[in-house]
Structure formats: structure tokens, C-alpha cells
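In: Sequence and computational prediction follow.
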Amino acid sequence: MDDLEKYLSERIEKDKEFKKIWEAENIKRDLIKMIIEMRIKEGLTQKGLAERLETSQSSIARLESGKGNPTLNFLVKLGNVFNKKFELRYL
């Protein structure tokens, strides 16, 4: 475990508010990673994906950089573009 991982582990354990924020952002990071992976697997550029979603390339760039917050409707539409079923659940 490197210094950053050790620091994060200790901070998450000791600071409940930090843990809450960290976990919420982790969900967002996982979503962004999944979207980028699907886009690349399909051989699409940001512009190509934007065209399929009838949105702008800058919207896709914002989303992939973590600056955008997709709506549920957007996520369902995204799933349709990639022929995937959108599923939301609590574990």
C-alpha cells in the first residue's frame, strides 16, 4: 500500500463525511470509466457518440471529465446506443 492509499484508508475510516463523499464520487468515477470503455470498444469518438445521442461533443467531453452529471434519461438513451439495458440497484 502506497502513501496515498494509506492516507485515504485512514481518512475514510476516521472521517464519516469524507467517506460519504468519497463513496459518492467513486460511483461517478466508475460510471465515467464504463462510458469511456463502451465508447472506445465501439470505435466511437466523442463526436461520434454525441451524434448518436443527438447532443454535442462538448457535452460528452464534460461527462467524461467528471464535470457533467447525466440524467437518468440520458443514461437510458446511452444504454440504447450501446444496445445495453440500464439497471440501477442498491447493494
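Out: Sure thing, it's come through. Numbering: from 1, shown residues only.

In: Quick check: mean pLDDT of stretch 53-67?
Out: Over the span of stretch 53-67, the pLDDT mean works out to 94.

In: got the contact list for it?
Out: For stretch 53-67, the surrounding residues in contact (Cβ atoms under 8 Å, 6 or more residues apart in numbering) are 28-29, 32, 35-36, 39, 45-47, 49-50, 68, 70, 74, 77-78, 81. Where C-beta positions appear, they are placed from N, C-alpha and C, glycine not excepted.

In: Next, give phi and psi for residue 66.
Out: phi 90, psi 0 (degrees, to the nearest 10).

In: swap in residue 60?
Out: phi -70, psi -40.

In: and it, how far is that from residue 52?
Out: Separation of residue 60 from residue 52 (Cβ to Cβ, to the nearest Å): 10 Å.

In: list the buried ones in stretch 16-35?
Out: 32, 35 (16 or more other Cβ atoms under 10 Å).

In: Oh, that last question was meant for stretch 40-48, not what I typed.
Out: 44, 46.

In: Longest helix in the protein, please.
Out: Scanning the chain for the helix with the most residues, using DSSP state H, yields helix 16-41.

In: Can I get the helix or strand following it in PDB, CA atoms only?
Out: Sequence order places helix 46-53 as the next helix or strand after helix 16-41, per DSSP states H and E. What follows is helix 46-53, C-alpha atoms only, in PDB (Å, rounded to 0.1, in the frame of the first residue of the first chain):
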ATOM      1  CA  GLN A  46     -16.700  11.700 -28.500                       C
ATOM      2  CA  LYS A  47     -18.200  13.400 -31.600                       C
ATOM      3  CA  GLY A  48     -19.500  10.100 -32.900                       C
ATOM      4  CA  LEU A  49     -21.100   9.300 -29.600                       C
ATOM      5  CA  ALA A  50     -22.600  12.800 -29.400                       C
ATOM      6  CA  GLU A  51     -24.100  12.400 -32.800                       C
ATOM      7  CA  ARG A  52     -25.800   9.100 -31.900                       C
ATOM      8  CA  LEU A  53     -27.100  10.700 -28.700                       C
END
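
In: quick one, which of residue 60 and residue 52 is more surrounded?
Out: A count of neighbours by other Cβ atoms under 10 Å puts residue 60 above the other of residue 60 and residue 52, at 24 against 16.

In: Lovely, talk soon.
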